[in-house]
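A.B. asks: okay, sequence plus prediction incoming.
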Number of protein chains: 4
Amino acid sequence: MRIDIKSNKPLYEQIISNIKENVLKGYLNPGDELPSIRRMAMELSVTPGTVAKAYQELERTKIIETIRGKGTYIASDIDMKRVDNDKLEAIEKELTNQLLELIYMGMSKDDVRELIERLYENLKKED
Amino acid sequence: MRIDIKSNKPLYEQIISNIKENVLKGYLNPGDELPSIRRMAMELSVTPGTVAKAYQELERTKIIETIRGKGTYIASDIDMKRVDNDKLEAIEKELTNQLLELIYMGMSKDDVRELIERLYENLKKED
Amino acid sequence: MRIDIKSNKPLYEQIISNIKENVLKGYLNPGDELPSIRRMAMELSVTPGTVAKAYQELERTKIIETIRGKGTYIASDIDMKRVDNDKLEAIEKELTNQLLELIYMGMSKDDVRELIERLYENLKKED
Amino acid sequence: MRIDIKSNKPLYEQIISNIKENVLKGYLNPGDELPSIRRMAMELSVTPGTVAKAYQELERTKIIETIRGKGTYIASDIDMKRVDNDKLEAIEKELTNQLLELIYMGMSKDDVRELIERLYENLKKED
DNA sequence: GTGGTCTAGACCACG
DNA sequence: GTGGTCTAGACCACG
């Protein structure tokens, strides 16, 4: 698991994306224990507050569960089928902007299709 | 042309996206004059500096041309075929994150494909 | 004689540079008559005020002479040997900045030397 | 580091030139931290916005890297070998104008050569 | 009229 | 603490 300190994407969001990706790929499964906040912070060379923020957000969206005094775990009832319309709309807006950029860089519809396909495949099991 | 004051996306970036989208859809064509900074600022209820920042960014990427003391125009030699590898890489990263979110919302590969197709179509001429 | 409306260099300065260059190359000689302000303005598709400003500046630096009611001429006693220390300092500063940019673009000392040589040659008689 | 408030050169451009010059001379090296926007603004008696504009421009050209919430640093992979043809053309035009001025001040080809040589040397390590 | 720069602040998210 | 965005204005050169 790696973090890019130079990215303009906030560190805590990078941590969230990373964990979600690991769940999706099957590297992390329901019930698996996550490293403690301090341990994870050390591994990534960030402050504990940053990891805490990521964990809180993941807990809020029910991807992980914290058992006080024990540890943090991937939620046992993790459900990937909840649809959040507000969020969907936001993602669509952002996706639209990125498509716009791709088109401005000279990509044809087929190029875009292919790119999406490729990115999608990279996300499913095994990097 | 509208701006969403509540969006977490900076106003000047929204202006940029809007203009790019209008060019792509054919509402704005090479040589067309854009509203002056002050006029656009009034219409959008933002400060002139915010519009100026958007225009300057568009100028740097060669989408518009400004003639000091005269006005701002869609570039006559607008070229959408320049490829910028650094930028492509950044877009791929962001796209990956958005795909991730879509999958978490329960979308199948076909759903994603369909969504992209739909967004793409919305970008081409006529909303 | 051409003017670049898109340049960020003021039009009147472009006119000044153009005339100076023509004198240097021998296309314009002491005593030669320049087009009237209105005529020059039409030829360059600029407003007469812009040409007037250029002529005034050239007159101030003794490169041209205006004889009221007759016309404007290249100064008969044009002297290219006046040294203006303030101006020299200003030019040195700007030159330094441009050298800086060239070095940042990867030019070696020899590359720079060669470039200057080439530009210098282009300035002397015959383009 | 000094700024000339009376110069007709914009303050933020002066800041940019200053930093580039310091990098070239080896006073600033890859990884070095730059003063924060506010600190630099105070030292130069300008507004933070002006320094921010300079830093952003330097970031766009990959000379510095900023880590949001942490600070601004000289790029670790600073690369001076990127060639930008549009920019080169613009610099050549400006250089031509400056050579023109030098010739008008009575400089011979040798004088010009010498001047360039001297300016070039001043740029390399140690003032 | 136009765009460009700048001030003197404010508020924000991130760490 | 840091950088990023934005306001509400000012002044400037150019045309």
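C.D. replies: Thanks, I have it.
A.B. asks: domains of chain A?
C.D. replies: Split into domains by automatic domain parsing, chain A comes to A:11-74, A:85-123.
A.B. asks: nearest to C:Met107, out of those?
C.D. replies: Set against C:Met107 and scored by CB to CB, the domains of chain A come closest in domain A:85-123, at 28.7 Å. (Each C-beta comes from the backbone N, C-alpha and C, glycine too.)
A.B. asks: does any bit of the lowest-mean-pLDDT helix or strand in chain A sit next to chain B?
C.D. replies: For chain A, counting by mean pLDDT, DSSP states H and E, helix A:85-104 ranks last in confidence among helices and strands (a mean of 86). Yes. Residues of helix A:85-104 are located near chain B by CB under 8 Å from any CB of the partner chain, namely A:87-88, A:91-92, A:94-104.
A.B. asks: quick one: which helix or strand includes the most centrally placed residue in chain A?
C.D. replies: For chain A, A:Ser17 is the residue whose C-alpha lies nearest the centre (CA atoms, centre = their mean; 1.7 Å). If you go by DSSP states H and E, A:Ser17 is part of helix A:11-24.
A.B. asks: could I get the CA-only coordinates of that helix as CSV?
C.D. replies: What follows is helix A:11-24 as a C-alpha-only set of coordinates in CSV (Å, rounded to 0.1, in the frame of the first residue of the first chain):
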residue,chain,number,x,y,z
LEU,A,11,-3.7,11.8,1.9
TYR,A,12,-6.8,10.5,3.8
GLU,A,13,-8.7,10.1,0.6
GLN,A,14,-5.8,8.2,-0.9
ILE,A,15,-5.9,5.8,2.1
ILE,A,16,-9.7,5.3,1.6
SER,A,17,-9.2,4.6,-2.1
ASN,A,18,-6.5,2.1,-1.3
ILE,A,19,-8.5,0.2,1.2
LYS,A,20,-11.5,0.1,-1.0
GLU,A,21,-9.4,-1.1,-3.9
ASN,A,22,-8.0,-3.9,-1.7
VAL,A,23,-11.4,-5.0,-0.7
LEU,A,24,-12.6,-5.0,-4.3
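A.B. asks: name all residues that make contact with whichever residue of chain A sits closest to DNA strand F.
C.D. replies: Closest contact between chain A and DNA strand F, by CB to the nearest atom of the strand, is at A:Asn8 (7.3 Å). Contacts here follow CB atoms under 8 Å, 6 or more residues apart in numbering or on different chains; on that basis A:Asn8 touches D:Arg68.
A.B. asks: ok, the closest residue to A:Pro30 other than its chain neighbours - contacts?
C.D. replies: Of all residues not flanking A:Pro30 in the chain, A:Ser76 sits nearest, at 4.7 Å (CB to CB, 6 or more residues apart in numbering or on different chains). Going by CB under 8 Å, 6+ apart, A:Ser76 touches A:30-31, A:65.
A.B. asks: measure stretch A:67-77 end to end?
C.D. replies: Start and end residues of stretch A:67-77 are separated by 15 Å (CA to CA, to the nearest Å).
A.B. asks: send the alpha carbons of the helix or strand that contains A:Arg118 over as PDB?
C.D. replies: Using DSSP H and E, A:Arg118 falls within helix A:109-123. Extracted in PDB, the C-alpha atoms of helix A:109-123 (Å, rounded to 0.1, in the frame of the first residue of the first chain):
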ATOM      1  CA  LYS A 109     -14.900   7.400 -28.700                       C
ATOM      2  CA  ASP A 110     -13.300   4.100 -29.300                       C
ATOM      3  CA  ASP A 111     -10.100   5.200 -27.500                       C
ATOM      4  CA  VAL A 112     -12.200   6.200 -24.500                       C
ATOM      5  CA  ARG A 113     -14.100   3.000 -24.500                       C
ATOM      6  CA  GLU A 114     -10.800   1.000 -24.600                       C
ATOM      7  CA  LEU A 115      -9.300   3.100 -21.900                       C
ATOM      8  CA  ILE A 116     -12.300   2.600 -19.600                       C
ATOM      9  CA  GLU A 117     -12.200  -1.100 -20.300                       C
ATOM     10  CA  ARG A 118      -8.500  -1.300 -19.400                       C
ATOM     11  CA  LEU A 119      -8.900   0.600 -16.200                       C
ATOM     12  CA  TYR A 120     -11.900  -1.500 -15.300                       C
ATOM     13  CA  GLU A 121     -10.000  -4.700 -15.800                       C
ATOM     14  CA  ASN A 122      -7.100  -3.400 -13.700                       C
ATOM     15  CA  LEU A 123      -9.500  -3.000 -10.800                       C
END
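A.B. asks: how far does that helix sit from the chain's center?
C.D. replies: How far helix A:109-123 lies from its chain's middle: 19 Å, per CA atoms, centre = their mean, to the nearest Å.
A.B. asks: now do that helix against helix B:109-123, angle only.
C.D. replies: Angle of helix A:109-123 versus helix B:109-123, following axes from the mean of the first three to the mean of the last three CA atoms, to 10 degrees, is 150 degrees.
A.B. asks: give the other helices and strands that helix A:109-123 contacts.
C.D. replies: helix A:85-104, helix B:85-104, helix B:109-123 (3 or more CB pairs under 8 Å, 6 or more residues apart in numbering or on different chains; DSSP states H and E).
A.B. asks: now, the contacts of A:Ser76 that are in strands?
C.D. replies: Among those, DSSP state E puts A:Glu65 in strands.
A.B. asks: any of the contacts of A:Ser76 buried? List them.
C.D. replies: Buried by 16 or more other CB atoms under 10 Å in any protein chain shown: A:Glu65, out of those.
A.B. asks: quick one: the contacts of A:Ser76 as CSV, columns for pLDDT and distance to DNA strand E too.
C.D. replies: Compiled in CSV, those are given as follows (pLDDT from 0 to 100; distance: CB to the nearest atom of the strand, whole Å):
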residue, pLDDT, distance to DNA strand E
A:Pro30, 91, 27
A:Gly31, 93, 28
A:Glu65, 93, 23
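A.B. asks: list just the nearest of the contacts of A:Ser76 to chain B.
C.D. replies: Nearest to chain B among these, counting by CB to the nearest CB, is A:Pro30 at 14.4 Å.
A.B. asks: hmm, the closest one is touching A:Asp77, no?
C.D. replies: Yes. Using CB atoms under 8 Å, A:Pro30 makes contact with A:Asp77 at a distance of 7.4 Å.
A.B. asks: quick revisit: make JSON lines out of the domains of chain A and add distance to C:Ala52.
C.D. replies: What follows is the domains of chain A, written out as JSON lines (distance: least, CB to CB, whole Å):
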{"stretch": "domain A:11-74", "distance to C:Ala52": "59"}
{"stretch": "domain A:85-123", "distance to C:Ala52": "42"}
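A.B. asks: and the ones you listed, which one is worst for confidence?
C.D. replies: Lowest mean pLDDT of the domains of chain A: domain A:85-123, a mean of 87.
A.B. asks: got the buried residues for that domain?
C.D. replies: For domain A:85-123, burial by neighbour count (16+ other CB under 10 Å) applies to A:90-92, A:94-105, A:107, A:112, A:115-116, A:119-120.
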